[in-house]
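Student: Provide a 3D model corresponding to the input given below.
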Amino acid sequence: MKITTVLFDLDGTLLPMDQDQFTEGYFKLLAKKVVPVGFDPKELIDAIWAGTAAMVKNNGSTTNEAVFWDCFRKRCGDKVIKALPLFEEFYEKEFNDAKACCGFTAKACITVNQCKEMGLRVALATNPIFPAIATKARIRWAGFSPSDFELYTTYENSRYCKPNLNYYRDILQKLNVSTEACIMIGNDVSEDMVVQELGMHVFLLTDCLINKENKDISSYPHGGFDELSAYLKANVE
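Tutor: Now for the predicted structure:
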């Protein structure tokens, strides 16, 4: 079946980054914001990781947002409720300073535009562990507008996380497209290439490769943006 739809990962794919460096910078900024109102730094970081783990295990009964904050409140207590406006303000303002922990490549924009010129639908399949406001910020850091994508996943509009295949099934349902008509482009072998199990086409972008399980990547089409561009031209047009 002809490919009609391209799913792009964001962090490490369209937005170059070292995941550990970004996380460290992001957590430092958040701690600086909320520690003055009663959050212990270690308690805060541990609670964020616990909330993230809870989202990854989400069984689809509610949104990732609800799962995260329920876990976070259980860890940190009722002070979380009073501090919610402060967290919202953080993502509106200070979170943007985390852009310094990321890179930029014009080839990302060129590739997305190439897809559109080829008549392909484009969506952003970024792991939905962030609120929409933070996802929109990272989209802009990469040189895009949120409106450039037909869909982008956030913790508000998602009930699963990568590598759960139900995360990808949800996207397919929202876009009303078959697995065979899609290609997933990402940099994480475990989280992005897993969708091949559903019968979806894949391309592993290796510029910021994450391969925690040291899998053999030779079975996947892979390379940088130049190789990706050539692959799309050869397999779509």
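Student: Secondary structure class of Ile185, three-state.
Tutor: strand (DSSP: H, G, I helix; E, B strand; the rest coil).
Student: any idea how far it is from Leu7?
Tutor: 7 Å (C-beta to C-beta, to the nearest Å). To be clear about C-beta, it is placed using only N, CA and C from the backbone, and glycine gets the same treatment.
Student: Among these two, which residue is more densely surrounded?
Tutor: Taking other C-beta atoms under 10 Å, Ile185 and Leu7 do not tie; Leu7 has more neighbours (28 against 25).
Student: Each with direction, which strands does the helix or strand that contains that one pair with?
Tutor: Applying DSSP states H and E as the criterion places Leu7 in strand 5-8. When pairing is defined by DSSP bridges, strand 5-8 lines up against strand 121-124 (parallel), strand 182-186 (parallel).
Student: Deepest in the core, which of these is it.
Tutor: The highest mean neighbour count among those, using mean count of other C-beta atoms under 10 Å, belongs to strand 182-186: a mean of 26.
Student: what's the spacing between that one and its chain's center?
Tutor: Averaging C-alpha positions (C-alpha atoms, centre = their mean, to the nearest Å) puts strand 182-186 13 Å from its chain's average.
Student: Can you give the contact residues for that strand?
Tutor: Strand 182-186 is contacted by residues 3-9, 12-13, 125, 168, 172, 192-193, 195, 200-205, 228 when judged by C-beta atoms under 8 Å, 6 or more residues apart in numbering.
Student: In strands only, show me those residues.
Tutor: If you go by DSSP state E, the contacts of strand 182-186 have Thr5, Val6, Leu7, Phe8, His201, Val202, Phe203, Leu204, Leu205 in strands.
Student: Report how many residues lie close to Glu88.
Tutor: 12.
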